[in-house]
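**Q** Dropping a prediction and its sequence here:
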Amino acid sequence: MAEQVRVKNAPSAIKRKRDLILGINIFLFLLPALFLFISILIAPIIVSVYRSFQDWNGMSEGVFVGLKNYRKLFSNSVTLNFVVALKNSLILAFFSVFVQLPMSLGLALILGRKPKGERFYLTVFFMPVLISTVVIGQLWLKIYNPDYGLLNSFLRMINLETWTHIWVSDPKTALGSIIVPTIWQYVGYHMLLMYAGVKGVSPDLREAAMLDGATPGQVDWYVVIPIIKPIIRVSVIFAVTGSLKAYDLVYILTGGGPQKLTEVPSTLLQEQLFLANKYGMGSAISVMLIVLCFAFSLLITAVFREKDN
Amino acid sequence: MSDKKKTKTVDFDTTYAPKKTNPAVKVIITIILIIWTVINLFPIYFMFTFSLKSNKEIFGTNIAGLPQEWLWSNYSRAMGTGNMGLYFLNSIIVTGASIIISLVAAMMATYAITRIKWRGSKLTNAFFMLGLTIPIQASIVPVYVVLSRLHWLNKYSTLIVPYSAFALSMAILICTGFMVEIPFDLDEAARIDGCGLWRTFFEIIIPLMKPAYATIGIYSFLQCWNEFMFANVFISDSAHRTMPVGIQQLSGSYTTDWGPIGAALVIATFPTLLIYVILCRRIQESFIAGAVKG
């Protein structure tokens, strides 16, 4: 009797058991990744959001203060000038998008025309991307050095003594001295992505356009660029979010100075934590960074979609 | 829409020759390429040369030329008193462990996402892809507080665990690109032969994914080898300091002596450039894979 009953229920019971085992296996496969991802990224972000509404020094119990931290971020204060920091990273983003990316695109299009030494140029132009930002920062500090640096020495050599500056600590040139190496380092990165796109354009399409009498320039403009638009979108997103996250080069070149004029959100974040012990405020800055990164990614995607229609 | 697809295949060898190129344009193009080459290489050349010079040369007689006297002692000073040898080793340990952990975790997760059919696999993938947009600064406050309460600062694992997590999203993204290319018939055949999920994973997927390892490894290597913010914040004792922070410290203590700093910069950059020279195409492809598939 018992035997019969079991047989009757077998299909669903076995299936259920199989599903359970499958589920356990899937979970086990995902476990290491989930553990790392949740413990280091997701959970801390949730905690950050929670703490950003608190006045908290990292040790004692936090006190809920509502939106006070956020309000403070956007009211100009001398010790914590988030508005200036945000403005600086937006200036950096502006130069990345409107100076760096056109340079990258130009180089990618040029290399797409198969000049002699194409591989060599590609290899050289990508090289700075691989070098640590700390090394780049130290190297440029030596270039900017007011007394012995390459830049001032060069200016003296060509009798432009008056153009020499104390580049990283002169308020007029400090931000510029951060922007130049940043652009220099990553032109090659965006160039490589765009070059891959340019190379992916089918030769038939070019041929057809050429047969219709288009010049190489026109082919680039009317055929190649529209096709690689998705890549350009990715580059714009990377350039803008990268600028919002900027930290290394700022910390090394100017440390946020002179007079806190070149602070960016991440350097402020670090100061709030380790100089001021203001963990609640630091959390608020973290949360602002996440929100801004996602908001700009969505905005850029929307702008590109708008243009398509 | 099919055009969009075409941009995704990377083919370095596709050739096309424009029929008529204005010679003047050609000259201008060559000049632009040469100028940009010089702008790219000069700082690197400058770094190599001043790492071998004495202060006297750097500060006056010979700023940009080749060293007159090759001062290898700069390197021994950077390795010795500058501790760069230890920092180099630390960087290798931290980077190596992070690459292995993130690779294993990513392989397993990608297998579950792409090759097992279940509801929620897409959602899980999207969840992991959040990591591509989330700035790592976002987690620094809580992670720091937790680690310091657990007395877990100043260890190798203090950096290895976060680095593995940060490398994970990109590793899963690249892994997925490679894993969907493996014919699904293979899994089917394995199952008919009585292989379970794990055996299929170990005996079929892992060997067939070999080409992916270099691509993922390169990406994670650069990310971990060059990481500065977490290393700067989480490690305060010199025994576990990694190279980027070590250089920063060294430049603070050798402000007037450029040679050893130059040597330290070269020591930190040399492995990367060496790998680049050997695996140039692979590296470029891994960056393209990371961005274009995203």
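**A** All right, it came through fine. Residues are numbered from 1 along each chain as shown, chains lettered A, B, ... in the order given.
**Q** Wait, B:Gly177 touches B:Ala289, no?
**A** Yes: at 5.9 Å, B:Gly177 counts as touching B:Ala289 under the criterion of C-beta atoms under 8 Å. To be clear about C-beta, it is placed using only N, CA and C from the backbone, and glycine gets the same treatment.
**Q** Which of these two has more residues huddled nearby?
**A** A count of neighbours by other C-beta atoms under 10 Å in any protein chain shown puts B:Ala289 above the other of B:Gly177 and B:Ala289, at 22 against 19.
**Q** can you tell me which residues contact the closest residue to that one other than its chain neighbours?
**A** Excluding its sequence neighbours, the residue lying closest to B:Ala289 (C-beta to C-beta, 6 or more residues apart in numbering or on different chains) is B:Ile174, at 5.4 Å. Taking C-beta atoms under 8 Å, 6 or more residues apart in numbering or on different chains, we find B:Ile174 in contact with B:212, B:215-216, B:219, B:286, B:289-290, B:293.
**Q** let's see it at 10 Å
**A** By C-beta atoms under 10 Å, 6 or more residues apart in numbering or on different chains, the contact list for B:Ile174 reads B:106, B:110, B:212-213, B:215-220, B:286, B:289-290, B:293-294.
**Q** For it, give me the pLDDT.
**A** Looking at B:Ile174, its pLDDT reads 89.
**Q** Against B:Leu186, how distant is it?
**A** Distance of B:Ile174 to B:Leu186, given as C-beta to C-beta, to the nearest Å: 20 Å.
**Q** just B:Phe221 next, same as before
**A** According to C-beta to C-beta, B:Phe221 stands 30 Å off from B:Leu186.
**Q** Let me know how buried A:Arg16 is, in neighbour terms.
**A** The local packing count at A:Arg16 equals 11, with neighbours defined by other C-beta under 10 Å.
**Q** Revised request: answer the last question for A:Tyr186.
**A** Neighbours of A:Tyr186 (other C-beta under 10 Å): 20.
**Q** same check, this time on B:Leu52
**A** Per other C-beta under 10 Å, the neighbour tally for B:Leu52 reads 21.
**Q** B:Leu273 too?
**A** For B:Leu273, using other C-beta under 10 Å, the count is 14.
**Q** what's the answer for B:Lys155, then?
**A** Neighbours of B:Lys155 under the rule other C-beta under 10 Å: 16.
**Q** before we move on, what about B:Trp225?
**A** When counting by other C-beta under 10 Å, one arrives at 25 neighbours for B:Trp225.
**Q** Need the three-state assignment for the closest residue to it other than its chain neighbours.
**A** Excluding the flanking residues, the one nearest B:Trp225 by C-beta to C-beta, 6+ apart is B:Thr95, at 5.0 Å. Classification of B:Thr95 by DSSP: H, G, I helix; E, B strand; the rest coil places it in helix.
**Q** isn't B:Thr95 right up against B:Thr242?
**A** Yes: in this structure, B:Thr95 is within contact of B:Thr242 by C-beta atoms under 10 Å, at 8.2 Å.
**Q** Comparing those two, which residue is more hemmed in?
**A** B:Thr242 (30 against 26).
**Q** quick one, domains of chain A?
**A** Structural domains assigned to chain A are A:2-51, A:80-308, following automatic domain parsing.
**Q** How about the shortest one and chain B, touching?
**A** Going back to what we said before, that points to domain A:2-51. Yes: with C-beta under 10 Å from any C-beta of the partner chain as the criterion, chain B is reached by domain A:2-51 at A:19, A:21-23, A:25-51.
**Q** before we move on, the earlier item: just send the domains of chain A back as a markdown table, with mean pLDDT too.
**A** Listed next are the domains of chain A as a markdown table, based on pLDDT from 0 to 100:
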| stretch | mean pLDDT |
| --- | --- |
| domain A:2-51 | 83 |
| domain A:80-308 | 89 |
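**Q** mind listing what B:Trp198 touches?
**A** B:Trp198 neighbours (C-beta under 10 Å, 6+ apart): A:25, A:28-29, B:108, B:111.
**Q** what's the residue closest to the geometric middle of chain B?
**A** For chain B, the residue nearest the mean C-alpha position is B:Leu222 (1.4 Å; C-alpha atoms, centre = their mean).
**Q** Which element, helix or strand, includes it?
**A** Using DSSP states H and E, B:Leu222 sits in helix B:210-226.
**Q** count of neighbours near the nearest residue to B:Val145 once chain neighbours are set aside?
**A** In this structure, B:Val145 finds its nearest non-sequential neighbour in A:Gly58, 5.4 Å apart by C-beta to C-beta, 6+ apart. For A:Gly58, the tally of surrounding residues (other C-beta under 10 Å) stands at 18.
**Q** For A:His165, the count of nearby residues, please.
**A** A:His165 has 18 nearby residues by other C-beta under 10 Å.
**Q** Next, count neighbours for A:Ala295.
**A** So A:Ala295, with other C-beta under 10 Å, has 11 neighbours.
**Q** I misspoke; the intended subject was A:Pro11.
**A** Residues lying near A:Pro11 (other C-beta under 10 Å) number 9.
**Q** and if you look at B:Leu274?
**A** Neighbourhood size, B:Leu274 [other C-beta under 10 Å]: 10.
**Q** Check the secondary structure at it for me.
**A** What three-state DSSP gives for B:Leu274 is helix.
**Q** now swap in A:Gly255 and tell me
**A** Put simply, A:Gly255 is coil when judged by three-state DSSP.
**Q** so which strand or helix has the nearest residue to it once chain neighbours are set aside?
**A** Counting by C-beta to C-beta, 6+ apart, A:Thr267 is the residue found nearest to A:Gly255 once chain neighbours are left out, at 7.4 Å. Secondary structure from DSSP H and E places A:Thr267 in helix A:265-274.
**Q** Quick check: buried residues in the next helix or strand after that helix?
**A** Remark: after helix A:265-274, the chain's next helix or strand is helix A:279-308, criterion DSSP H and E. Under the neighbour-count criterion of 16 or more other C-beta atoms under 10 Å in any protein chain shown, helix A:279-308 has A:279-290, A:292-293, A:296-297, A:300, A:304 buried.
**Q** Name the spans of chain B whose pLDDT lies under the cut-off.
**A** B:1-21, B:61, B:292-294 (pLDDT under 70).
**Q** Give me the distance between A:Glu161 and chain B.
**A** Per C-beta to the nearest C-beta, to the nearest Å, A:Glu161 is found 16 Å from chain B.
**Q** what about A:Asp147, neighbour count?
**A** 9.
**Q** what about the strands in the stretch 51-200 of chain A?
**A** Under the criterion DSSP state E, counting those that start in this stretch, strands of the stretch 51-200 of chain A are mapped to A:54-55, A:63-64.
**Q** Select, out of those strands, the one closest to B:Val161.
**A** With C-beta to C-beta, the closest approach to B:Val161 among the strands of the stretch 51-200 of chain A belongs to strand A:54-55: 25.8 Å.
**Q** thinking again about what came up before, could you list every helix and strand in contact with the helix holding A:Thr267?
**A** If you count contacts as 3 or more C-beta pairs under 10 Å, 6 or more residues apart in numbering or on different chains; DSSP states H and E, helix A:265-274 packs onto helix A:68-74, helix A:82-95, helix A:229-245, helix A:248-253, helix A:279-308, helix B:140-149, helix B:229-234.
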